[in-house]
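Visitor: Pasting the sequence and the predicted coordinates here, then a few questions.
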Amino acid sequence: MIELRWRDVSIVLPGDIGRDVEAEIGGQFEPARLRVLKVARHGSASSSSERWLSQLRPTIAVVSAGRNNPFGHPAPAVLARYESVGAAMYRTDRDGGISIDTDGADLVVHTVNGGSTVYSEVGVGC
């Protein structure tokens, strides 16, 4: 698990952790005005617990999953949990390649299939 932090922006790369590890480390994160969370385990139902998401409060969630993958990732229940905390979802199976730029105050998310979205102190705009 790695957290990259620059000024008001936190990017959390949890790797392949499941709910047991989420429970151990979730309370260790400092609040962040903008947080990007790479969704663990391609959106498998064995991760992204409600507790973990309520502790991290991601602004943006990025799922890396192949289109029409045989595992059904990301799981609908996982997507619903991210939606319940208000995270904007970006998915490689739907959006293609995803990149994120930040200056430590604002974020810009670029997708191959959908253009760019800006996340800033004043909200979200296109």
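Guide: Great, that's in hand.
Visitor: Give me the average confidence score over stretch 49-60.
Guide: Across stretch 49-60, pLDDT averages out at 96.
Visitor: Would you mind pulling the contact partners of it?
Guide: Applying C-beta atoms under 8 Å, 6 or more residues apart in numbering, the set of residues contacting stretch 49-60 from outside is 12, 19, 22-23, 26-27, 29, 31, 34-37, 81-82, 84-88, 90, 100, 107, 109, 119. Heads up, the C-betas are built off the backbone N, CA and C, glycines and all.
Visitor: in the protein, which spans are strands?
Guide: Under the criterion DSSP state E, strands of the chain are mapped to 2-6, 9-13, 34-38, 60-63, 88-91, 98-102, 107-111, 115-120, 123-125.
Visitor: Can you tell me which of the ones you listed is most buried?
Guide: The highest average neighbour count among these, using mean count of other C-beta atoms under 10 Å, belongs to strand 60-63 at a mean of 24.
Visitor: That one pairs with which strands?
Guide: When pairs are called by DSSP bridges, strand 60-63 turns out to pair with strand 34-38 (parallel), strand 88-91 (parallel).
Visitor: For the protein, give the helix that spans the most residues.
Guide: As assigned by DSSP state H, the longest helix anywhere in the chain is helix 76-84.
Visitor: orientation of it relative to strand 34-38 in degrees?
Guide: 170 degrees (axes from the mean of the first three to the mean of the last three C-alpha atoms, to 10 degrees).
Visitor: Where does pLDDT dip in the chain?
Guide: 72, 121-126 (pLDDT under 70).
Visitor: mind running it again at 50?
Guide: 126 (pLDDT under 50).
Visitor: Could you pull up the residues touching the residue lying closest to Leu79 once chain neighbours are set aside?
Guide: In this structure, Leu79 finds its nearest non-sequential neighbour in Met89, 6.5 Å apart by C-beta to C-beta, 6 or more residues apart in numbering. Counting by C-beta under 8 Å, 6+ apart, Met89 touches Ala61, Val63, Leu79, Tyr82, Glu83.
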